[in-house]
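> Structure here, sequence nowhere to be found:
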């Protein structure tokens, strides 16, 4: 209130104006109104800086922004290719702002191949497009924590993005707060994070190279997964019922493996140009020995690996459980899925093994995929299977470091 009172004209000044003319009074009135409006704006800003909601409502803090030392990580890959797991492990840490699929609203079933081309994800079809710059700008906006236009679909992932997205989601649902206010809260939380993680499977490694060139604090980890595993897992998706037919499977296999070839070629070039900021890794290596892979991954990204990290503890416990079943099954490096199903009612454990598809896929489907993807197996370090016996033997996989095309 003192800041307001000092601007209110004194009675002495008012008396002086009474002896002059109305112009003086108009000027004083203008000053008084301006001061009052300034006072109101100041109070509103203080209120916005720390809005406290009662009862079950959350507290929305607008703290000071961090400096330019923020680390930015982009996890790229393919649908059902393992990127979600890595993104959520990195993104759920307290110092991290996690952005899940920011391009999903503009390219739900497509990906950006180059500066002028988009392709369908599940069909072997590409076409000219002018949206690539818009897509790159969307990722740039997330990196800058400005105008994070995520769309309604993005809100469905609030539960995997940590406390920030939980509060943002509840802010949007609360009629007391406008969307503009909630967006400002999100932007402030993004800016105060020391690490930003973007998970996106809708942009080629060639285009991600643009962001590497533009931002010295951006790192990219591109994840490959055995295309046979991706195709087999995706066949269960309601949106991909066409995979049940041979013609639909051929189109998806052709599209997926053509994209993988392009990503591998551009990725190897980027790994040479930016060895400290671009890495290729295999989903299978990560899933088979998550703790072993997490350590060099965090080191590559320049992130501290907290010993009390909740996710790491969960992963360690899961690894112990898997090791127990390995020992009981008599295996050294892999889980016998069928035995695991008999030994435990926890179905989640049966889904951990990255090669579980080998227990179910039939040779007919395998041969169709081999026709379009066979050359990639050697390049990526995967085995080929001439018969059912070799296919079903889950111990037939190198230990960590032997299967990776570009070990961390």
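That came in fine, so what should we check first? Predicted, not measured: the structure shown is a model, and the values here were computed from it.
> going forward, measure contacts between C-alpha atoms and count neighbours the same way
Will do.
> Domain ranges for the protein, per the record?
Under automatic domain parsing, the residue ranges defining each domain of the chain are 2-52, 71-392.
> Lowest average pLDDT across those?
If the domains of the chain are sorted by mean pLDDT, domain 2-52 sits at the bottom with a mean of 53.
> now the helices for the stretch 101-250 of the chain?
Under the criterion DSSP state H, counting those that start in this stretch, the stretch 101-250 of the chain contains helices at 132-144, 151-155, 163-173, 179-192, 205-214, 227-234, 246-273.
> Check which residues of the fourth one are buried.
When burial is assessed from 16 or more other Cα atoms under 10 Å, helix 179-192 yields the following buried residues: 182, 183, 184, 185, 186, 187, 188, 189, 190, 191, 192.
> ok, now the first one?
By neighbour count on 16+ other Cα under 10 Å, the buried set for helix 132-144 is 132, 135, 136, 138, 139, 140, 142, 143.
> Residue 70: which of those is nearest?
Closest to residue 70 out of those is residue 143 (9.5 Å), distances taken as Cα to Cα.
> Surely the closest one touches residue 193?
No. If you go by Cα atoms under 8 Å, residue 143 and residue 193 don't touch, sitting 11.1 Å apart.
> my guess is residue 355 contacts residue 227, does it?
No. Under the criterion of Cα under 8 Å, residue 355 makes no contact with residue 227, lying 11.3 Å away.
> follow-up on the earlier one: which one of the helices of the stretch 101-250 of the chain lies closest to residue 80?
helix 227-234 (5.8 Å).
> Name the surrounding residues that touch the closest one.
Outside helix 227-234, the residues within contact range by Cα atoms under 8 Å, 6 or more residues apart in numbering are 79-81, 240, 249, 252-253, 256-257, 354-355, 357-358, 361, 366, 369, 373.
> Are any of those buried, and if so which?
The buried subset of the contacts of helix 227-234 (16+ other Cα under 10 Å) comprises 79-81, 249, 252-253, 256-257, 354-355, 357-358, 361, 366, 369, 373.
> Return the distance of residue 111 relative to residue 215.
Separation of residue 111 from residue 215 (Cα to Cα, to the nearest Å): 22 Å.
> what about the spatially closest residue to residue 217 that is not a sequence neighbour, neighbour count?
Distances taken as Cα to Cα, 6 or more residues apart in numbering place residue 71 nearest to residue 217, at 5.6 Å, with adjacent residues excluded. Using other Cα atoms under 10 Å, the number of residues around residue 71 comes to 19.
> From residue 228, how far off is residue 84?
For residue 84 relative to residue 228 (Cα to Cα), the value is 18 Å.
> In contact with the residue nearest to residue 212 when sequence neighbours are not counted, which residues?
Leaving out its chain neighbours, the residue that sits closest to residue 212 by Cα to Cα, 6+ apart is residue 218, at 5.9 Å. Residue 218 is in contact with 71, 72, 73, 74, 211, 212, 277, counting by Cα under 8 Å, 6+ apart.
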